[in-house]
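1. have a look at this fold, sequence not included:
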C-alpha cells in the first residue's frame with residue numbers, strides 16, 4: 001500500500017497538484033484521490049474538472065504501466081471546501097480559517113466553560129491560529145488551546161456560508 005501511495009503522490013505532485021487524501025475501498029478495487037493546487041493564486045483558484053481529468057488520465061496510465069494495479073474504478077476530485085488537514089503545512093496555510101478537530105486522546109479542558117467534573121475534551125470547533133513549536137493553536141469558545149499534532153485523529157476545514 002505504501003508503494004501505491006508513494007506513486008500516486010509522486011505523480012500528482014509532478015503534475016503540479018498536492019495529494020490531500022488517498023483511500024482505497026472495496027478491497028482495493030476503488031481508488032479515491034483528493035487533490036488541491038500546489039500554488040493557488042488566490043482563494044478562488046481551486047481544482048476544476050479539467051484538473052481532475054488530467055490527473056485521472058495520468059494516474060490511470062501510471063498505475064497500469066508501472067505498478068500493474070488491478071482496480072475497477074479511479075476517482076479523482078477536489079479536496080473540497082471542507083478539505084482534510086493532515087500535514088503541519090496545512091495548518092499553517094489555513095491559519096485564520098474555521099476548523100473542526102477531533103483528538104485521539106482527550107485533553108483536560110481548562111476553558112471558560114469547564115467545571116471540575118468536565119471530561120477530557122476531544123472535539124474542537126474554532127478558528128485555527130497556526131502552528132507553534134509543533135502544536136496546533138486554535139481559538140475555541142473564546143479560549144486558546146494548544147493541541148499536539150501527533151494527537152490529532154481528524155481535522156478538516158469547516159467553512160461558514162453566509
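-> Nice, I can see it. The structure presented is a predicted model; accordingly, all values stated were derived computationally and were not measured.

2. list the contacts for the closest residue to residue 39 other than its chain neighbours?
-> Counting by CB to CB, 6 or more residues apart in numbering, the nearest residue to residue 39 once its immediate chain neighbours are dropped is residue 16, at 7.9 Å. (C-beta placed from N, C-alpha, C; glycine too.) Neighbour list for residue 16: 37, 38, 39 [criterion: CB atoms under 8 Å, 6 or more residues apart in numbering].

3. residue 22: which of these is nearest?
-> Within those, proximity to residue 22 (CB to CB) peaks at residue 38, which comes in at 15.9 Å.

4. what's near enough to touch that closest one?
-> With contact taken as CB under 8 Å, 6+ apart, residue 38 is in contact with 13, 16, 17, 18.

5. OK, contacts around residue 74?
-> Taking CB under 8 Å, 6+ apart, we find residue 74 in contact with 31, 33, 56, 59, 60, 63.

6. out of those residues, which are inside strands?
-> Among the contacts of residue 74, DSSP state E puts 31, 33 in strands.

7. flag whichever of the contacts of residue 74 scores worst on pLDDT.
-> Note: of the contacts of residue 74, the lowest pLDDT belongs to residue 63, at 88.

8. the nearest residue to that one once chain neighbours are set aside and residue 3: what is the separation?
-> Spatially, and ignoring its direct neighbours in sequence, residue 63 is nearest to residue 69 (4.4 Å; CB to CB, 6+ apart). When distance is defined by CB to CB, to the nearest Å, residue 69 is 10 Å away from residue 3.

9. same list (the contacts of residue 16) but as TSV, adding pLDDT and secondary structure.
-> Formatted as TSV, the entries for the contacts of residue 16 read as follows, by pLDDT from 0 to 100; DSSP: H, G, I helix; E, B strand; the rest coil:
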residue	pLDDT	secondary structure
37	90	strand
38	83	coil
39	75	coil
